[in-house]
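Sequence first, predicted model second:
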Amino acid sequence: MRLNVLLTAGLIARSIIASAAPAAETAPYQLPAIERKSLLNGMQFLFFEAESDDCPFLLMIENGAAFDPVDKWGVTYLMSRMILEGVEERNFRQEFESRGIRLESQVDWDALYFLGTAPASELEFALLALGDLVVRPDFREETFERLRQELLAELNAEAGSIEARTEQLFQAALFADNPYGHSVRGEPRTVSNLYLRDIKIQQRRLLLPNQSRLAVYYSGDREQLFRRLSRRWGGWVRSEAAPFSFVQAARTERPQVRVLEDRDSQGECLIRWGQLGVAKSAPQYFALKILEQYLLLQLPEWAEQVSKVGQIRGEVVLAPRRMPGYFQVTLASPVTDVAAYLRRLNGALEELKSGRIDEARFQEAKSLVRQEFMASMQDPFGRLMQVLAAELHQLGANFVATFNLRLDRVTPAQLREAVREAFPDRGAVVVVAAPPGPILTELQEFGDVELLH
């Protein structure tokens, strides 16, 4: 069993943060000028000043896997793979390679993304080709069946992964009938239930110009580029967007505990604990971002107190979405210490609710949030994603420009109130992968226990 984050008493390692040393105070981020242009069909273009001859671009379509029909989960993800497969079928691959163009896709619950890079001299060709792929996709039966079988093979290969299974159980228990309760990529049962007509219906339903923003780095003649692109992208017919109205996830009256039987655990268990989170626009958002780092800084101490070791594999994640997302703590623990870690987590939250907040740790956590944000803004794609995410959440680019200022204004008292509001006594979901044994009895103090095989 393996988590991506190893925490020790002296070091916190994360993918985007080199160390846990507090960062120096950073001035509010100066967002570079963004030039905006729009087509009559509603599609928006955002031009950023190029920093080199390599021009990153990112197309965001504000519809994602949340719109997958019941029993058709994975259709949006498979559709995006089929669109990208057009690079091969339309013989773009050789052109892309010779011109230095890269293109890939990403899908989450709230949006579709097509992102890539091209030399400035080849940017027009790259964006026109992207227009061909997105506006006029060529969905073929043989391509659909091949990619569907590839996806099924991937999903079946992951079926034995404890990390994947516990995450799916956590999401399903937390979100219930809300679309966030299913995997973006679907599951073998639902992908097996897909047909080519489902792909075509989803494409007509979700791929709309009036739901799309194309952000690009370019310092050449933007007006000329925009005119040339508008001939291709302007033919994309707008339509009424599907309403973003879904069954809202709700907290259960009693905490839920799901125990996934894992006979191959070799004594180590995977724990996932969490509750529904908040939207980015919520007043508690910045306080919970600090909480994310505050708890992460505490994990090595928990390991020393509970397991008498100096390190632990763990992760703390706040995942905001268009509807409330989730807050999750994940730990790898010896089976004998699972209950003790859950008690320590609940105790830490109670301490925060009562106002017992370590000021030094609070400031360190705030610095880590700032450092994480600034690291993302130094990456060209990170900057594009931050700006478009703010647009997706209807916050505007000013949210990005004032991120550090809003963060600096959060006080320990606001953290206390945010924890009180975000983590009531009801609604928690706990998923534990563990071997059968006395752990079932031990976990009954944390909620209603259900054993899954």
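Yep, that arrived. Only a predicted model underlies this, so the values are computations on that prediction, with no experimental measurement involved.

Give me the most central residue, this protein.
Ala319 (6.3 Å; CA atoms, centre = their mean).

Endpoints of stretch 182-199, how far apart?
End-to-end distance for stretch 182-199: 18 Å, by CA to CA, to the nearest Å.

Quick one: mean pLDDT for that stretch?
Across stretch 182-199, pLDDT averages out at 96.

Start the count at 104 instead of 1 going forward.
Sure, I'll start counting at 104 from here, so that last one is stretch 285-302.

what residue ranges in the stretch 104-253 of the chain score low on pLDDT?
104-131 (pLDDT under 70).

what residues are up against Phe199?
190, 205-206, 229, 232 (CB atoms under 8 Å, 6 or more residues apart in numbering). Where you see a C-beta, it was placed from the backbone N, CA and C, and this is true even at glycine.

How far does the helix or strand harbouring it sit from its chain's centre?
Assigned by DSSP states H and E, Phe199 falls within helix 195-202. Centre-to-centre, helix 195-202 and its host chain are 30 Å apart (CA atoms, centre = their mean, to the nearest Å).

So which bits of it are buried?
195, 199, 202 (16 or more other CB atoms under 10 Å).

wait, which of the residues you listed is closest to Arg375?
Using CB to CB, Phe199 is the member of those that lies nearest Arg375, at 39.9 Å.

What distance do you get for Lys392 to Pro403?
20 Å (CB to CB, to the nearest Å).

if you count what's nearby, which of these two comes out ahead?
More crowded of Lys392 and Pro403, by other CB atoms under 10 Å: Lys392, with 25 against 22.

Okay, and that one sits in which element?
Per DSSP H and E, Lys392 falls inside helix 388-409.

circling back: can you tell me which of the contacts of Phe199 is closest to Met480?
Met480 lies nearest to Arg205 out of the contacts of Phe199, by CB to CB, at 21.6 Å.

next helix or strand past the helix holding Phe199?
Using DSSP H and E, the helix or strand that follows helix 195-202 towards the C-terminus is strand 205-210.

partner strands of the helix or strand following that following strand, parallel or antiparallel?
Next helix or strand after strand 205-210 toward the C-terminus (DSSP H and E): strand 215-222. If you go by DSSP bridges, strand 215-222 pairs up with strand 157-164 (antiparallel), strand 205-210 (antiparallel).

Please state the offset of the longest one from the chain centre?
Yep, that's strand 157-164 we're talking about. Here strand 157-164 is found 18 Å from its chain centre; the criterion is CA atoms, centre = their mean.

Where do the helices of the stretch 154-303 of the chain begin and end?
178-192, 195-202, 226-238, 244-260, 265-278, 291-294, 299-309 (DSSP state H, counting those that start in this stretch).

so where is the stretch 354-503 of the chain shaky, pLDDT-wise?
Low-confidence segments of the stretch 354-503 of the chain (pLDDT under 70): 368.

Please list all residues in contact with Glu356.
By CB under 8 Å, 6+ apart, Glu356 lies in contact with Arg529.

For it, pull up the helix or strand it's in.
In this structure, Glu356 is located outside every helix and strand according to DSSP H and E.

Next up, phi/psi of it, please.
phi -70, psi -30 (degrees, to the nearest 10).

sorry, back to before: need the helices of the stretch 154-303 of the chain in TSV (columns: distance to Ala136).
Compiled in TSV, the helices of the stretch 154-303 of the chain are given as follows (distance: least, CB to CB, whole Å):
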stretch	distance to Ala136
helix 178-192	31
helix 195-202	28
helix 226-238	19
helix 244-260	40
helix 265-278	39
helix 291-294	44
helix 299-309	31
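
Among those helices, single out whichever gets nearest to Val532.
Closest among those, using CB to CB: helix 265-278, at 4.7 Å.
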